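Undergrad: return a 3D structure for these sequence lines:
(2 chains)
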Amino acid sequence: MSDLSDWDLVARARAGDTDAFALLVRRYQSPLIHFCFRMAGSLEDAQDIAQDSFVRVYRYIDRLRPDAKFSTVLFGMARNLTLNFLRDSKRRGRGITMSLTRDDESEHVVEDSTARPDESARIREIESLIGAALDELSAEHREVLVLRELQGMDYESIGEIIECPSGTVKSRIARAREQLRIKLIELGGEFL
Amino acid sequence: MNERDMNRMHDELSAFLDGEAENTDAIKDLIARDAGAAKLYAEMSVASAQLKSLAAPDVHPAFTTRVMAQVRDERAPKLDRSRRWTFARLSMAAAAGLCIAYIASEMFYAPQALPTTKAPYDGQVAQVLELRNQPDHALLTGLDGAMPEAAITGEWLESGYALTELAPDDALDQKYADVVSTFAALTSDDVAFDDDGDVYAAMEQLTDDQRRALQSLLAEYSEGGSQLL
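TA: Have a look, this model is predicted:
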């Protein structure tokens, strides 16, 4: 069943095959949680939002139409829930505060076994800096950069997720990159 | 270079980096001859590469299990919710049907009493009430056979019009649908009780038996409806 397309799995899930939907969950859980994590700033919140996204997609599975990629439907749902979460957090005064040194429990950094210890430390430092700069961007800029750079999506798919034309996506990514560049310099990104 | 031109250059360099630029030769030429553009592009490239290197967080081993547990929970409540709303709306429709029947009898047969040997309502309402007297699932089964699932759970609840698709009945006209909608609106929390005096007055005209029957239906399935009677 793992070789079935997303929409084939959706069709099976619609017919009551929950294993098919479980396969969809496994297929997308990692990228979806990564997206939510970069947007929400906490792994716990990210997993809650991702879980809610899958459940809502399942709830409306009878209405899904294969006009777009399944991934854009799923990420569109997660994006809306994330923005709601950020709005609610702001309203509650909780805010999304990111520290330069992110809690290691919430981010797994893949060690380069070939790197020397000082190189590994340097890689971690750069990743921490990039992550911090990303966290400081507005949600509008962060979402397009995350979808483009971390999910590798093309402009058209991103446009479907954020409900904007490709031209808007193009200029928004450029603005986001510029903001990121400025933040990196402010944070001491001399490696640039 | 003004700000607009600068933004345009950023847009093009960024799109070129993503492989989405339209005129790649012009951008290559720009990078080759403009040191500022070349520096900007180089910085964009480095930041892009660094972003791509950000590791994904570990997914909790039980994540799929948790999602699927909630999905399975979702299946039953989905039916219950659909049934609850369906019953509520159908009860309202039945109540509205009684109103119409009463009004029609007043208009065309008054002062004659409603015939006692025959139900004072027929067609759609009779069908609903007949199904209502059967086991719970009969009404849903009847609906499932007559309407697509999307219609049951979707927009039809807003208007009551789709109820007319249950079993086409010429006697079930626009007025009926309007009253169904109005009655549904009256039971909503944010609508004033006396927004529609005609419907309320019609409800006041019901016989005790009719009122009790409706009260039973509405109290069971719609809190708002029970306040009306």
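Undergrad: going forward, measure contacts and count neighbours with C-alpha atoms only.
TA: Noted.
Undergrad: any idea of the pLDDT on residue B:154?
TA: At residue B:154, the model reports a pLDDT of 37.
Undergrad: now the nearest residue to residue A:55 once chain neighbours are set aside, what's its secondary structure?
TA: Nearest residue to residue A:55, sequence neighbours excluded (CA to CA, 6 or more residues apart in numbering or on different chains): residue B:71, at 5.8 Å. Here residue B:71 is recorded as helix under DSSP: H, G, I helix; E, B strand; the rest coil.
Undergrad: how much space between residue B:71 and residue A:118?
TA: 46 Å (CA to CA, to the nearest Å).
Undergrad: please say which of the two ends up with more neighbours.
TA: residue B:71 (22 against 9; other CA atoms under 10 Å in any protein chain shown).
Undergrad: I figured that one was touching residue A:58, is that so?
TA: Yes: with contact defined as CA atoms under 8 Å, residue B:71 and residue A:58 form a contacting pair (7.0 Å).
Undergrad: how about residue A:77, nearest residue that isn't a chain neighbour?
TA: Using CA to CA, 6+ apart, the nearest residue to residue A:77 is residue A:53, at 5.8 Å.
Undergrad: quick one: distance of the helix or strand harbouring that neighbour to the chain centre.
TA: Using DSSP states H and E, residue A:53 falls within helix A:43-59. In terms of CA atoms, centre = their mean, to the nearest Å, the centre of helix A:43-59 is found 12 Å from the chain centre.
Undergrad: now swap in stretch A:45-65 and tell me
TA: 15 Å.
Undergrad: same check, this time on stretch A:47-67
TA: 16 Å.
Undergrad: packing partners of the helix or strand encompassing residue A:24?
TA: Residue A:24 belongs to helix A:18-40 when elements are defined using DSSP H and E. Using 3 or more CA pairs under 8 Å, 6 or more residues apart in numbering or on different chains; DSSP states H and E, the elements in contact with helix A:18-40 are helix A:6-14, helix A:43-59, helix A:70-91, helix A:117-135, helix A:139-145, helix B:63-108.
Undergrad: can you add distance to residue A:180 and mean pLDDT and give the ones you listed back as CSV?
TA: Listed next are the helices and strands packed on helix A:18-40 as CSV, based on distance: least, CA to CA, whole Å; pLDDT from 0 to 100:
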stretch, distance to residue A:180, mean pLDDT
helix A:6-14, 34, 94
helix A:43-59, 22, 95
helix A:70-91, 20, 92
helix A:117-135, 6, 81
helix A:139-145, 9, 96
helix B:63-108, 32, 69
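Undergrad: tell me which of those lies nearest to residue B:17.
TA: Set against residue B:17 and scored by CA to CA, the helices and strands packed on helix A:18-40 come closest in helix A:139-145, at 12.7 Å.
Undergrad: could you confirm whether the closest one reaches chain B?
TA: No: Helix A:139-145 stays out of contact with chain B when judged by CA under 8 Å from any CA of the partner chain, the minimum separation being 8.7 Å.
Undergrad: quick one on the thing from earlier: which helices and strands does the helix holding residue A:53 pack with?
TA: helix A:18-40, helix A:70-91, helix B:63-108.
Undergrad: and stretch A:82-92, how far out from the chain's middle?
TA: Distance, centroid of stretch A:82-92 to centroid of chain: 16 Å (CA atoms, centre = their mean).
Undergrad: list the buried residues for that stretch?
TA: By 16 or more other CA atoms under 10 Å in any protein chain shown, the buried positions in stretch A:82-92 come out as A:82-83, A:85-86.
Undergrad: then stretch A:143-150?
TA: A:143-150.
Undergrad: and the contacts of that stretch?
TA: Outside of stretch A:143-150, the residues that reach it under the criterion CA atoms under 8 Å, 6 or more residues apart in numbering or on different chains are A:35, A:38-39, A:79, A:153-155, A:158, A:169, A:172-173, A:176-177, B:48, B:51-52, B:54.
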